[in-house]
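**Q** Curious how this folds, go ahead:
(chains A, B, C and D)
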Protein chains: 2
Amino acid sequence: MKERMDQIKKELHAQSYKLTPQREATVEVLLENEEDHLSAEDVYLLVKEKAPEIGLATVYRTLELLNELEIVDKINFGDGVSRYDLRKEGADHSHHHLVCIHCGSVSEIEEDLLGDVEKKVERDWAFKIKDHRLTFHGVCVNCQTEHEASDEAPTLKAAHP
Amino acid sequence: MKERMDQIKKELHAQSYKLTPQREATVEVLLENEEDHLSAEDVYLLVKEKAPEIGLATVYRTLELLNELEIVDKINFGDGVSRYDLRKEGADHSHHHLVCIHCGSVSEIEEDLLGDVEKKVERDWAFKIKDHRLTFHGVCVNCQTEHEASDEAPTLKAAHP
DNA sequence: ATGATTGCAAACAGTTTGCAATGAA
DNA sequence: TTCATTGCAAACTGTTTGCAATCAT
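**A** Presented below is the predicted three-dimensional model:
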């Protein structure tokens, strides 16, 4: 985690952006909540604990900056809120998401499942792909078992295989 | 197109929703602009030509209704606007989109490219998929050729193969 | 020293809602 | 007739912006 932070600092410097305490605190929050999909407001509240003077506008500006630097992906699950998802170190694409339509939980698929599909799209549609957004809407394991006999039994325990 | 309209009317009736002129005009607009990805405001302006008294709120309410009935998919390309995409007759999933990061154009892939991927996700993540959102961000054919020698020559003419 | 960055408040944009009036069934 | 639906305006929510003060370099 420390290394990732240093690397991000380096990237900011490389583009001659200043490393302010506010930016540092924001990145810290993102690192500490890698698993989550925080909205700007969420980030704001968490950053406030470390840097109480920070303003919401600064959080927005920082998140936008991180998005431009491709450190973070701005994603959107259809509620009217943008969420910010830290990229894995070295990842060159946004990862996939599973959104449960019962409980609202969001989990991630880090494995890239689109390799073949992208090849096909680039070939058949002559479209040069730079990034993607893939989200599945459905029912997560917990909700499947809670909500009585489903018509198709779940096979695995969840978690990334 | 006429048949699709009748079918939609039937679906409204089936759920005992009333078929008002405003709803009819809205559906008409969606049918006449199937290729586009209209925002609520876009739809509003177009519907106003047929039914000048209509209010924006009614358009929003109608689009939400159509979304619930799965006649339309509410999609979001990351600008802060929801867009409404008419489903193909009988389609049980949202189709895929290609968004050009140069010119902003959006085109559609109607072929379902996710069959295998979904099988894998359902199996390995024990997630019951109900729908998906897949968008590729990249450079469309036009922009590839305009913007000088790209490092990889486009092979096809675009359009759905 | 100096231009980038910040906090604040005000401005915006898209969407939702309360309510009296209207209209489809 | 009767309850869903509409139009309007006002309310809301998330996000952006202008500006003087501040701070990293």
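
**Q** distance of A:His97 from chain B?
**A** 9 Å (C-beta to the nearest C-beta, to the nearest Å). Using the backbone N, CA and C atoms, a C-beta is placed for each residue, glycine as well.

**Q** Specify the local secondary structure of that residue.
**A** Classification of A:His97 by DSSP: H, G, I helix; E, B strand; the rest coil places it in strand.

**Q** hey, what's it bridged with?
**A** Judged by DSSP bridges, the bridge partners of A:His97 are A:Glu108, A:Thr135.

**Q** Does stretch A:59-68 reach chain B?
**A** No. Shown here: stretch A:59-68 not in contact with chain B (C-beta under 8 Å from any C-beta of the partner chain), separated by at least 10.0 Å.

**Q** what mean pLDDT does that stretch have?
**A** Mean pLDDT, stretch A:59-68: 98.

**Q** would you list every one of the strands in chain A?
**A** Under the criterion DSSP state E, strands of chain A are mapped to A:38-39, A:72-76, A:82-86, A:96-100, A:106-109, A:128-139.

**Q** isn't A:Asp73 right next to A:Leu66, touching?
**A** No. Using C-beta atoms under 8 Å, A:Asp73 is not in contact with A:Leu66, being 9.5 Å away.

**Q** who touches both of the two?
**A** A:Tyr84 (C-beta atoms under 8 Å, 6 or more residues apart in numbering or on different chains).

**Q** Apart from its chain neighbours, what residue comes closest to the residue positioned nearest the centre of chain A?
**A** Centroid-nearest residue in chain A, with C-alpha atoms, centre = their mean: A:Asp85, separated by 2.0 Å. Closest residue to A:Asp85 apart from its sequence neighbours, by C-beta to C-beta, 6 or more residues apart in numbering or on different chains: A:Asp73 at 4.7 Å.

**Q** Repeat that for A:Phe77.
**A** Nearest non-adjacent residue to A:Phe77 (C-beta to C-beta, 6+ apart): A:Val99, at 5.6 Å.

**Q** Next up, the contacts around the one you found.
**A** A:77, A:105-106, A:135-138.

**Q** Please repeat the previous calculation with a cut-off of 6 Å.
**A** A:77, A:106, A:135, A:137 (C-beta atoms under 6 Å, 6 or more residues apart in numbering or on different chains).

**Q** wait, does stretch A:47-67 contact DNA strand C?
**A** Yes. Under the criterion of C-beta under 7 Å from any atom of the strand, DNA strand C is reached by stretch A:47-67 at A:51, A:53-58, A:61-62.
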